[in-house]
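Participant: what follows is a predicted protein model with its sequence.
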Amino acid sequence: ILNVEQSPQSLHVQEGDSTNFTCSFPSSNFYALHWYRWETAKSPEALFVMTLNGDEKKKGRISATLNTKEGYSYLYIKGSQPEDSATYLCAFSRGTGRRALTFGSGTRLQVQP
Amino acid sequence: DGGITQSPKYLFRKEGQNVTLSCEQNLNHDAMYWYRQDPGQGLRLIYYSQIVNDFQKGDIAEGYSVSREKKESFPLTVTSAQKNPTAFYLCASSYSAGGETYNEQFFGPGTRLTVL
């Protein structure tokens, strides 16, 4: 079983703060790295899918970077808003073997107004 | 509207009974997946299917069974052999021609199973 680690486990910030989370994954035989946002009482929704080392993606105030050589990805949220409160999941897949994602346990973000 | 539906939303089962969770998608996706979530844990893969009439075990397949007779449907049966079935179950689907995993997954609303 592949090991995907996310830190921190939970985070409380004030509205307007910028924050970032980390996802660590095995660096060998990398294929794809996904980020999902999971709001309470809703289904997880994809934020980014990244496949290339050095890739940076942005969606509004949220951005992500990828380092496949060292096995980590960062998710940044600039100027957090209460509506950003959610659990952020990352998931990793390898190029050979099982053709499915392995998820981390998530970072739970609470943004206080 | 295209999407994934799961039914029922809440399910109660007596110990020793088998129960089947439904998952249907009209997104024309090739691949479908079943995950289980327990408190404080991430999503763990139970089974996945990349094409009709074919499926693969995930990390925690023991005590579960699936079928994929139609592209749109991927039902999960929780058998009496599953020792701790109380959990939240999520179904997902994605484009996956050739088995690639760089396409985002779309998730259903989930089924919360409680064993009494």
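Facilitator: All right, it came through fine.
Participant: neighbours of residue 74, just the number please.
Facilitator: All of this refers to chain A. 14 (other C-beta atoms under 10 Å in any protein chain shown). Where C-beta positions appear, they are placed from N, C-alpha and C, glycine not excepted.
Participant: I was after chain B.
Facilitator: So B:F74, with other C-beta under 10 Å, has 28 neighbours.
Participant: skipping adjacent residues, who's closest to it in space?
Facilitator: B:M32 (3.9 Å; C-beta to C-beta, 6 or more residues apart in numbering or on different chains).
Participant: and the one you found, that's in a strand?
Facilitator: Yes - when DSSP: H, G, I helix; E, B strand; the rest coil is applied, B:M32 is found to be in a strand.
Participant: low-scoring stretches of the chain, by residue?
Facilitator: You didn't say which chain, so I picked chain A. A:1 (pLDDT under 70).
Participant: that was the other one, I meant chain B.
Facilitator: Those would be B:1-2, B:97-99, if you go by pLDDT under 70 across chain B.
Participant: that one: strands as residue ranges?
Facilitator: B:4-7, B:10-13, B:19-25, B:31-37, B:43-51, B:54-57, B:64-66, B:76-78, B:87-94, B:106-107, B:111-115 (DSSP state E).
Participant: for the fourth one, the distance to its chain's centre please.
Facilitator: On the basis of C-alpha atoms, centre = their mean, to the nearest Å, strand B:31-37 sits 4 Å off its chain's mean C-alpha point.
Participant: which elements pack onto that strand?
Facilitator: strand B:19-25, strand B:43-51, strand B:87-94 (3 or more C-beta pairs under 8 Å, 6 or more residues apart in numbering or on different chains; DSSP states H and E).
Participant: measure the residue lying closest to B:D38 once chain neighbours are set aside to chain A for me?
Facilitator: Spatial nearest neighbour of B:D38, chain neighbours left out: B:A87 (5.3 Å); criterion: C-beta to C-beta, 6+ apart. Distance of B:A87 to chain A, computed by C-beta to the nearest C-beta, to the nearest Å: 14 Å.
Participant: same thing with B:P109?
Facilitator: From B:P109 to chain A the distance is 6 Å (C-beta to the nearest C-beta).
Participant: what count of nearby residues applies to that residue?
Facilitator: B:P109: 15 neighbours (other C-beta under 10 Å).
Participant: same deal with B:A31?
Facilitator: With other C-beta under 10 Å as criterion, B:A31 counts 23.
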